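Chemist: sequence plus the predicted model coming up.
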Amino acid sequence: MRVTRWTATAVTCLLAGSVGLAQVGRGGTRWFAPLADAQRTSWVRVDQKITPQAMAAPGFRLQWSKAPGKEHGVTGPFMQGVTASGVTLFVPMSVVTGAGDRVYALDNDIGFVVWQRALDVENAAALPACAGPITSAATRIVPLDATATADPLARPPSPPGVGYRSLIGKPGEGNPMDSVRRQAQPPRPATPATPAAGAAGAAAGTATPSATTARAPGDIPGAPRSATPVRGLAVPSGVVYVIGRDGRLRVLGLASGKDLQKPAAFLPRGARFTAPVAVDTRLYTATTGACDGTADGVWSVDLDSDSKPVVSWKTNGGPVVGAVAFTSDGTLLVAVGAGTASGDGKANAIVALDPKTLAVKDWFSRPDADFATGPTVIRVGTREVVTAATRDGRVIVLDAAGLGGADHATPLATSAAVAGTGAAVRRDAVAAWQQANGDTFVLVPVDGPLAAGVGSPGRAPVRGAVVALRLAGSGSATSIAPVWASASLASPATPVVVNGVVFALGSGRPAGASRAAVGAVLHAYDGLTGKRFYSSGAAMKAPASPGSLWSGLGQIYVGTDDGTLHAFGFDDERWALPRTR
């Protein structure tokens with residue numbers, strides 16, 4: 001591990017002004033996990049910097065580019081980062097994983113590397129190529145309600161004993177932490193330890209009893225337990241969770257990147273897995289592609305236990321598609337692609353699982369539902385709905401309270417296909433967002449030409465685009481139809497929505513035998529009308545890393561395959577400090 005030290009000049013400047021500037025100048029909205037929240041919407045609800053009005057005026061631009069692994073000779077792709085405000089001297093920070101199994105913490109404002117470390121992946125050279133070249137994206141504990149990407153300084157506090165929230169102190173009230181809000185609940189009793197845990201539990205796919213010590217209020221799952229609650233500047237600054245390519249779970253301190261616990265066995269070695277998310281006291285991911293013989297399924301580890309017992313559920317049918325998602329009541333949802341199911345297995349399905357046992361609670365399945373994205377959950381009026389896209393670009397809308405009705409095959413609505421001949425949807429998820437008046441939109445990335453009639457009349461044909469569909473009505477009257485499409489995007493990523501502004505990324509393409517590489521291009525659109533506000537043009541020379549688009553703290557971040565991270569946003573007061581270009 002290598003921890004980067006601030007220079008004396010930078011420390012002086014930060015001590016003099018970081019509290020006000022980081023808390024007020026940059027803003028407080030955060031990105032807790034890949035795809036933003038537990039519902040996997042890729043939607044930042046409120047932002048102090050990015051608004052349609054601000055984007056309509058000049059000023060949004062590339063702020064910095066940084067190759068954090070360059071000094072160690074590391075280049076290659078990145079995963080989505082997570083953001084945390086006020087971790088080190090109140091510095092707003094992103095934690096991002098990259099090639100070489102490295103984890104970086106960067107100052108969001110100036111791209112300075114606060115700390116970095118290389119994970120000790122066991123016998124990395126023997127891992128199969130299908131496992132991928134990179135460790136998992138990081139995740140923090142994600143609230144189940146809509147506060148995950150709201151402004152923490154503007155929202156009311158959660159009631160005692162209900163769920164999680166990330167505490168970001170106002171100036172003078174201390175550093176942030178991920179804390180368990182369980183003051184109104186009795187402590188969990190200790191249970192006897194058993195020898196079988198970790199890898200054995202993972203192999204068996206069942207829960208293993210473990211020793212669990214009662215936590216004090218303010219303790220963090222997976223971190224050393226506090227003897228007494230602490231307040232103010234003594235509050236620990238939180239943790240971030242990462243799964244290594246060897247399947248072991250790491251619990252890293254946000255302030256230093258150090259292991260706060262010994263790495264714990266979680267997934268089988270050589271498994272290929274989707275973006276993780278930590279909810280309540282458990283961390284979840286899914287294995288897909290049957291890499292190295294690992295079955296497709298969902299896996300969960302108990303963060304609050306010293307021995308980290310593991311439970312799993314196997315599809316016994318099609319492959320897992322995209323990332324798992326959650327409803328606001330904690331029900332876990334997973335998309336299963338086309339395949340042949342055996343026994344009680346599932347294929348062409350959205351399946352609801354109990355978050356603790358991973359037992360099947362409900363499902364939707366149809367032979368023509370060839371899902372190409374994971375589920376995304378959004379509330380429409382008093383109802384939560386589940387949306388996912390099929391490979392041909394149809395968006396299927398389900399009632400979260402009863403996925404497929406009595407026959408497990410009846411959706412609330414299905415859109416027409418938005419992908420044209422030869423096109424397909426191949427991404428982790430759709431994005432979803434909502435206007436203050438309740439108007440709800442779903443955004444689908446389509447790789448290839450659009451279906452006839454999709455997009456603006458008279459616009460030149462596109463080769464790859466993000467399509468916005470409006471979701472309206474309720475119950476049997478629910479409808480979903482396209483309203484606008486972006487300009488051409490080379491290999492579009494799942495878009496990000498910030499405060500009504502849609503950020504659509506054309507990932508570009510790597511160089512081929514007879515073609516040059518196409519660099520990534522970031523576009524910004526009015527979410528209501530599809531009017532384009534901004535294009536990054538040739539600012540990024542290399543293709544984007546798959547899935548490496550995220551937001552938080554008033555900026556948009558893109559990681560590219562040449563090992564460079566790019567931050568886009570508006571200038572603020574801290575730009576007086578030197579930037580790395």
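Modeler: Great, that's in hand.
Chemist: buried set for stretch 259-273?
Modeler: 260-261, 263-273 (16 or more other CB atoms under 10 Å). Heads up, the C-betas are built off the backbone N, CA and C, glycines and all.
Chemist: so Gly438 makes contact with Thr382?
Modeler: No - counting by CB atoms under 8 Å, Gly438 stays clear of Thr382, with 11.0 Å between them.
Chemist: of these two, who's got more company?
Modeler: Taking other CB atoms under 10 Å, Gly438 and Thr382 do not tie; Gly438 has more neighbours (10 against 6).
Chemist: chain neighbours aside, what residue packs nearest to the more buried one?
Modeler: Gly381 (6.9 Å; CB to CB, 6 or more residues apart in numbering).
Chemist: now the helices for the stretch 401-550 of the chain?
Modeler: Using DSSP state H, counting those that start in this stretch, the stretch 401-550 of the chain contains no helices.
Chemist: residues in contact with the closest residue to Ala472 other than its chain neighbours?
Modeler: Residue nearest to Ala472 in three dimensions, not counting chain neighbours: Ser479, with 5.3 Å by CB to CB, 6+ apart. Shown in contact with Ser479 (CB atoms under 8 Å, 6 or more residues apart in numbering): 413, 471-473.
Chemist: for Ser479, give me the pLDDT.
Modeler: We have a pLDDT of 94 for Ser479.
Chemist: most surrounded residue in the contacts of Ser479?
Modeler: Going by other CB under 10 Å, Leu471 tops the contacts of Ser479 with 23 neighbours.
Chemist: look up which residues are beta-bridged to the nearest residue to that residue once chain neighbours are set aside.
Modeler: Among residues not flanking Leu471 along the chain, Thr440 sits closest, at 4.3 Å (CB to CB, 6+ apart). Going by DSSP bridges, Thr440 is paired in beta bridges with Gln434, Leu471.
Chemist: neighbours of Thr440, just the number please.
Modeler: When neighbours are defined as other CB under 10 Å, Thr440 has 19 of them.
Chemist: okay, it: pLDDT?
Modeler: So Thr440 comes in at 96 (pLDDT).
Chemist: same deal with Ala211?
Modeler: For Ala211, pLDDT reads 43.
Chemist: again, but for Asp354
Modeler: So, for Asp354, pLDDT stands at 97.
Chemist: which secondary structure element of the chain has the lowest mean pLDDT?
Modeler: strand 164-167 (a mean of 29; mean pLDDT, DSSP states H and E).
Chemist: among the buried residues of stretch 259-273, which one lies nearest to Ser136?
Modeler: Phe273 (6.6 Å; CB to CB).
Chemist: what residue ranges in the stretch 51-200 of the chain score low on pLDDT?
Modeler: Applying pLDDT under 70 to the stretch 51-200 of the chain flags the ranges 86-90, 146-148, 150-200.
Chemist: show me the strands in it, by range?
Modeler: For the stretch 51-200 of the chain, applying DSSP state E, counting those that start in this stretch gives strands covering 61-66, 82-88, 91-98, 102-107, 113-118, 164-167, 177-180.
Chemist: now do the stretch 251-400 of the chain
Modeler: With DSSP E, counting those that start in this stretch, the ranges of strands along the stretch 251-400 of the chain come out as 264-265, 277-279, 282-287, 297-302, 310-314, 320-326, 332-336, 349-353, 360-365, 376-380, 383-389, 395-399.
Chemist: what's the closest of these to Leu549?
Modeler: strand 320-326 (14.2 Å).
Chemist: can you list the strands that that closest one pairs with?
Modeler: strand 332-336 (antiparallel).
Chemist: how distant is the strand it pairs with from the center of its chain?
Modeler: Taking the mean of its C-alpha atoms, strand 332-336 sits 15 Å from the chain's own mean (CA atoms, centre = their mean, to the nearest Å).
Chemist: and the pLDDT at the residue lying closest to Pro268 once chain neighbours are set aside?
Modeler: The shortest distance from Pro268 to any non-neighbouring residue, by CB to CB, 6+ apart, is to Thr294 (4.8 Å). For Thr294, the model assigns a pLDDT of 93.
Chemist: before we move on, the earlier item: can I get the contacts of Ser479 in CSV including pLDDT?
Modeler: Formatted as CSV, the contacts of Ser479 follow (pLDDT from 0 to 100):
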residue, pLDDT
Ala413, 95
Leu471, 95
Ala472, 92
Gly473, 88
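Chemist: ok, so of the residues you listed, who is nearest Ala544?
Modeler: For the contacts of Ser479, the nearest to Ala544 is Leu471 (27.6 Å; CB to CB).
Chemist: OK, contacts around the closest one?
Modeler: Going by CB under 8 Å, 6+ apart, the list of residues near Leu471 reads 378, 380, 385, 387, 397, 413, 432, 440-442, 478-480.
Chemist: considering these, which possesses the most neighbours?
Modeler: For the contacts of Leu471, neighbours tallied by other CB under 10 Å; top is Thr387, 31 neighbours.
Chemist: gap between that one and Gly500?
Modeler: Computed as CB to CB, to the nearest Å, the Thr387 to Gly500 distance reads 19 Å.
Chemist: and for Arg470?
Modeler: Arg470 is 14 Å from Gly500, by CB to CB.
Chemist: neighbour count for these two, which is higher?
Modeler: Taking neighbours as other CB under 10 Å, Arg470 and Gly500 compare with Gly500 leading, 24 against 16.
Chemist: is it true that the more buried one touches Gly527?
Modeler: Yes - Gly500 is in contact with Gly527 according to CB under 8 Å; the separation is 4.8 Å.
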